[in-house]
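In: One predicted model, sequence on top.
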Protein chains: 2
Amino acid sequence: MAQDPVETRFQLKRDRLLKAAADCFNKKGYSGTSLKDVADILNLTDAALYYYVRNKEELVYLCYVRAADVGREAMDRAIAECDTGLDTVLRYLRYHVEIMVGERGPIAIMSEVPSLRPQHRDEVLELSRKHSSNFEDILEQGISDGSIAKCDVRMTGNAIMGALNWIPKWFHGDAEMARKIVDEFPRILSNGLRN
Amino acid sequence: MAQDPVETRFQLKRDRLLKAAADCFNKKGYSGTSLKDVADILNLTDAALYYYVRNKEELVYLCYVRAADVGREAMDRAIAECDTGLDTVLRYLRYHVEIMVGERGPIAIMSEVPSLRPQHRDEVLELSRKHSSNFEDILEQGISDGSIAKCDVRMTGNAIMGALNWIPKWFHGDAEMARKIVDEFPRILSNGLRN
DNA sequence: GGCTTATTTTAATCTTCATTAGAATTATTG
DNA sequence: CAATAATTCTAATGAAGATTAAAATAAGCC
């Protein structure tokens, strides 16, 4: 039977590595996870990981780039499919949450950006800044088109992103809970608490 | 002039140590901050910190206990002063945010709970679990008294706590911004985005 | 001023992992 | 099957930084 070309097999394995690492970082904290912990999940020795990444710093960096990709992808899809600002926000949230709690997850919480090497740190920060900025643009658009109530888009963006970014802290792969998150998060943030 | 008793002077200095540590952890990440970094802020050597804490693990632990205290205090005050569930939630949020961005801050983000020693970890997790549970009770109460719309209190609690816990990630001591957070956060979470 | 306690420093030491080099194994391809 | 490339392992090495012990300084007290 035909095998995958070497190139993609490498990519696939590396992606599994990144997911294993993200899972460890989220569950055990950064300082609490050694390369051996990550390697154990993949049934490899710690040394074998160096075939896929240059060093631990790069492993973290790649986890964060992956996290940023996921966010961007969710946002792009939402923008392409929706008209009003509110709809876009809600669908973006839904997509982003779906990815985080689904097959593509877990996504690493960006807790250790400051300890990346300067070049990687700047790159990740730039991705993150751009994402926030895009999100604020959507909020602005919603205010313009009347779908979203007047608000400080900076603060609102920070609040919503915080709620989103915190999910991996308390969600650990329960399908029932995953459904609830996807259902409730957009609703809560759209309607607020008030009756 | 009369000096403070030794006991309290020690407490005060240790509290300054905890704040310095929290600041470092939030800004540089856990793995990115050495004891020397913390000591530098206090104009001490790293070794001197061992006069105040048994080791780095205990330093982190105490930061987290302090964070839990702050949350509990804000909640207790809110409960004592408010009638409806909604009012209690909003005032709690306000108090908690005020403390985080004010003199008592910064408060350490709980990113490294899993790497605490089992006893400390369990204790911190228990505090955190209890706080969440209390918050959910307030939400339930709000639903009962009609001030809060029906919702999944678990998810809603997680969402709001996430937004709150994430604040130290992006707020770094700007007074103008501090005011905005205190003003906007309760409003956003109370009314939602919808116009 | 001397005595005692509190605080901080200096100068090692010790540990934990990340990292590397090179050998061994497994897969792929002609 | 032979040859080459792709993966993984074993066994050191190394470095950062936490920790310790003992000495030095500073503060409070009789």
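Out: That came through fine.
In: which residues does the residue nearest to A:Ser132 when sequence neighbours are not counted contact?
Out: Distance criterion CB to CB, 6 or more residues apart in numbering or on different chains; nearest residue to A:Ser132, sequence neighbours excluded, is A:Gly157 at 5.7 Å. Just so you know, the C-beta spots here come from the backbone N, C-alpha and C atoms, and that holds for glycine as well. Residues near A:Gly157 by CB atoms under 8 Å, 6 or more residues apart in numbering or on different chains: A:Ser132, A:Phe135, A:Glu136, A:Leu139.
In: Show me what counts as buried in the helix or strand hosting the first one.
Out: I take that to be A:Ser132. A:Ser132 belongs to helix A:118-144 when elements are defined using DSSP states H and E. Across helix A:118-144, burial judged by 16 or more other CB atoms under 10 Å in any protein chain shown covers A:120-121, A:123-124, A:127-128, A:131-132, A:134-136, A:138-139, A:141-143.
In: Closest one of those to DNA strand D?
Out: A:Arg121 (15.0 Å; CB to the nearest atom of the strand).
In: Return the per-residue confidence for that closest one.
Out: Model confidence at A:Arg121, given as pLDDT, is 97.
In: Pretty sure it sits against A:Met110.
Out: No. In this structure A:Arg121 lies outside contact range of A:Met110 using CB atoms under 8 Å: 10.7 Å.
In: At the geometric centre of chain A, which residue sits there?
Out: The centre of chain A sits closest to A:Ala67, judged by CA atoms, centre = their mean, with a distance of 3.6 Å.
In: is the helix holding A:Ser132 anywhere near DNA strand D?
Out: No. Figure legend: helix A:118-144 not in contact with DNA strand D (CB under 7 Å from any atom of the strand); closest approach 14.7 Å.
In: Can you list the helices and strands that that helix packs against?
Out: Packing partners of helix A:118-144 (3 or more CB pairs under 8 Å, 6 or more residues apart in numbering or on different chains; DSSP states H and E): helix A:56-81, helix A:85-101, helix A:153-170.
In: wait, the residue nearest to the centre of chain A sits on A:Gly105?
Out: No. A:Ala67 is beyond contact range of A:Gly105, at 10.1 Å (criterion: CB under 8 Å).
In: Overlap of the contact sets of these two?
Out: Taking CB under 8 Å, 6+ apart as the contact rule, A:Ala67 and A:Gly105 both touch A:Ala22.
In: Mind pulling up the pLDDT for A:Val153?
Out: At A:Val153, the predicted lDDT confidence score is 96.
In: show me what contacts it?
Out: A:Glu136, A:Leu139, A:Glu140, A:Ile143 are the contacts of A:Val153 under CB under 8 Å, 6+ apart.
In: Name the member of the residues you listed with the shortest distance to A:Val89.
Out: A:Leu139 (6.8 Å; CB to CB).
In: Could you measure from the spatially closest residue to that closest one that is not a sequence neighbour over to A:Asp37?
Out: Spatially, and ignoring its direct neighbours in sequence, A:Leu139 is nearest to A:Val153 (4.2 Å; CB to CB, 6+ apart). Distance of A:Val153 to A:Asp37, given as CB to CB, to the nearest Å: 40 Å.
In: And for A:Ala20?
Out: 9 Å.
In: Those two: which has the busier surroundings?
Out: A:Ala20 (22 against 17; other CB atoms under 10 Å in any protein chain shown).
In: circling back to that earlier point, and the contacts of A:Val153 as JSON lines, adding distance to B:Lys28?
Out: Shown next, in JSON lines, are these (distance: CB to CB, whole Å):
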{"residue": "A:Glu136", "distance to B:Lys28": "26"}
{"residue": "A:Leu139", "distance to B:Lys28": "30"}
{"residue": "A:Glu140", "distance to B:Lys28": "33"}
{"residue": "A:Ile143", "distance to B:Lys28": "36"}
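In: out of these, which one sits closest to A:Val182?
Out: A:Leu139 (21.0 Å).
In: was I right about the closest one contacting A:Val89?
Out: Yes. A:Leu139 lies in contact with A:Val89 (CB under 8 Å); the separation is 6.8 Å.
In: what residues are shared contacts of the two?
Out: In contact with both A:Leu139 and A:Val89: A:Ile148, B:Leu193, using CB under 8 Å, 6+ apart.
In: Enumerate the residues of chain A near DNA strand C.
Out: So chain A meets DNA strand C at A:3, A:5-6, A:9, A:33-36, A:46-47, A:50, A:54-57 (CB under 7 Å from any atom of the strand).
In: Among those, which lie within helices?
Out: Counting by DSSP state H, the residues of chain A next to DNA strand C place A:Val6, A:Arg9, A:Leu35, A:Lys36, A:Lys56, A:Glu57 in helices.
In: which of these count as buried?
Out: Buried, going by 16+ other CB under 10 Å: A:Leu35, A:Lys56, out of those.
In: show me where pLDDT drops low in chain A?
Out: A:1-6 (pLDDT under 70).
In: now with 90?
Out: Applying pLDDT under 90 to chain A picks out residues A:1-9, A:105, A:172-173, A:193-195.
In: Contact residues of it facing DNA strand D?
Out: Residues of chain A lying near DNA strand D by CB under 7 Å from any atom of the strand: A:Val6, A:Arg9, A:Phe10, A:Lys13, A:Ala39, A:Asn43, A:Leu44, A:Thr45, A:Ala47, A:Ala48, A:Tyr50, A:Tyr51.
In: Of those residues, just the buried ones, PyMOL syntax please.
Out: Remark: buried members of those, expressed as a PyMOL selection using 16+ other CB under 10 Å:
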select buried, chain A and resi 39+44
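In: Brilliant, that's me finished.
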